[in-house]
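Asker: output the structure for:
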Amino acid sequence: MLYIGFSNYSNKIHAKLFCNKYKHCAPIIVYKDSIEIYQFVHINKIVKINVQKNDLQTLKKHGWKFVKHSKDIRNMPLCRSLTCVQFTKKFCGIKNIWVQTPFALFKYLNRK
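Answerer: Coordinates of the predicted model:
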């Protein structure tokens, strides 16, 4: 199962300037026994974080929102993204060029 997590905090300067409500997004894969968060750090650096289910509850308490996305996750491109939104769009297979901020991605996913 694939979820997209949205946070209202980021330490990146451009995210603080250009992003409205949500400042960061990350794809989350939920397996039967584990959960993996793919964290965009910078260009060509994606960090895979293994967490437990109660860690997602902790993130939810700190302002994260989660949106379920129905996508087959066989091919995961992990390179050549400039922002977390570009990485998440490639990860999910979204090709809409108007989605450039985490809040725009949040609205796009909630429309479906």
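Asker: got the CA coordinates for stretch 91-103 in PDB?
Answerer: The C-alpha trace of stretch 91-103 is given here as PDB (Å, rounded to 0.1, in the frame of the first residue of the first chain):
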ATOM      1  CA  PHE A  91       7.600   7.800  -7.400                       C
ATOM      2  CA  CYS A  92       3.800   7.800  -7.900                       C
ATOM      3  CA  GLY A  93       3.800   8.100 -11.700                       C
ATOM      4  CA  ILE A  94       2.100  11.600 -11.700                       C
ATOM      5  CA  LYS A  95       2.800  13.600 -14.900                       C
ATOM      6  CA  ASN A  96       0.800  16.700 -14.100                       C
ATOM      7  CA  ILE A  97       3.100  19.700 -14.700                       C
ATOM      8  CA  TRP A  98       0.900  22.100 -12.700                       C
ATOM      9  CA  VAL A  99       1.700  20.200  -9.500                       C
ATOM     10  CA  GLN A 100       4.800  22.000  -8.100                       C
ATOM     11  CA  THR A 101       4.300  22.400  -4.400                       C
ATOM     12  CA  PRO A 102       3.400  19.900  -1.700                       C
ATOM     13  CA  PHE A 103       0.000  21.600  -1.100                       C
END
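Asker: nearest the geometric middle of this protein, what residue?
Answerer: A26 (1.9 Å; C-alpha atoms, centre = their mean).
Asker: residues contacting that one?
Answerer: Going by C-beta atoms under 8 Å, 6 or more residues apart in numbering, A26 touches 4-5, 7, 37-40, 84, 88. Placement of C-beta: from N, CA and C, glycine included.
Asker: ok, 10 Å please
Answerer: A26 makes contacts with 3-7, 37-40, 46-47, 49, 59, 64, 84, 87-88, 91, 102, as judged by C-beta atoms under 10 Å, 6 or more residues apart in numbering.
Asker: can you confirm K48 is in a strand?
Answerer: Yes: counting by DSSP: H, G, I helix; E, B strand; the rest coil, K48 is part of a strand.
Asker: next, give phi and psi for Q52.
Answerer: phi -100, psi 170 (degrees, to the nearest 10).
Asker: I'm done for today, thanks for sticking with me.
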